[in-house]
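Q: This is the structure alone, sequence omitted:
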């Protein structure tokens, strides 16, 4: 059911963090992260592929700096967008519209999205209980603190990558 929810997620625009947190709750931090990361990368292909196919028919590529960055440095630009935790479906569709090659798109999505997915899986795994209801849950503060640390590190790395990218221009 969880994998089906991930597959249907792009149609509902439900944030991946919600399902990743639920994966962490159901499967624990490690397996929740593995399942969620795999599902997020696989389902990123849905908006990417649709935008790739529809380009020139009904959709036009975005203009501006982001277009130039994606065209010249697709891997770094997508990793940076993922680390900065920009809306995933927007990044997926823009990459498809701009015809970013598949392998850099998938690699950057897996690498750059991992910290955010890990944050969500850790946060979900920090909730303990036999069922998913407010009164039945307890919080494991160690996992929650680990999630906060990963979030801060991810945002710091995104900022560092962006600064280096700006200096190289």
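A: It's in. Small disclaimer: the values here were computed from a predicted structure and weren't measured.

Q: okay, now residue 119: neighbour count?
A: 25 (other Cβ atoms under 10 Å). Using the backbone N, CA and C atoms, a C-beta is placed for each residue, glycine as well.

Q: which residues touch it?
A: Neighbour list for residue 119: 17, 147-148, 150-151, 154 [criterion: Cβ atoms under 8 Å, 6 or more residues apart in numbering].

Q: repeat that with 10 Å
A: 17, 20-21, 24, 33, 85, 146-154 (Cβ atoms under 10 Å, 6 or more residues apart in numbering).

Q: surely residue 11 meets residue 46?
A: Yes: under the contact definition of Cβ atoms under 10 Å, residue 11 touches residue 46, with a separation of 8.0 Å.

Q: Those two - which one has more neighbours?
A: residue 46 (18 against 10).

Q: In three-state terms, label the more buried one for me.
A: helix (DSSP: H, G, I helix; E, B strand; the rest coil).

Q: can you tell me the helix or strand for the residue nearest the centre of the chain?
A: Centroid-nearest residue in the chain: residue 113, 4.0 Å away (criterion: Cα atoms, centre = their mean). Assigned by DSSP states H and E, residue 113 belongs to helix 102-125.

Q: what about the helices in the protein?
A: Secondary structure of the chain (DSSP state H): helices at 2-12, 16-27, 29-54, 65-72, 74-83, 88-97, 102-125, 141-168.

Q: Mean confidence (pLDDT) on the third one, please.
A: The average of the pLDDT scores along helix 29-54 is 93.

Q: in it, what's buried?
A: 29, 32-33, 35-37, 39-41, 43-48, 50-52 (16 or more other Cβ atoms under 10 Å).

Q: what inclination does that helix have with respect to helix 74-83?
A: 130 degrees (axes from the mean of the first three to the mean of the last three Cα atoms, to 10 degrees).

Q: I'd like to know which elements helix 29-54 is packed against.
A: Here helix 29-54 touches helix 2-12, helix 16-27, helix 74-83, helix 88-97, helix 102-125, helix 141-168, going by 3 or more Cβ pairs under 10 Å, 6 or more residues apart in numbering; DSSP states H and E.

Q: which of the ones you listed has the lowest average pLDDT?
A: Mean pLDDT, when computed for each of the helices and strands packed on helix 29-54, is lowest for helix 141-168, at a mean of 77.
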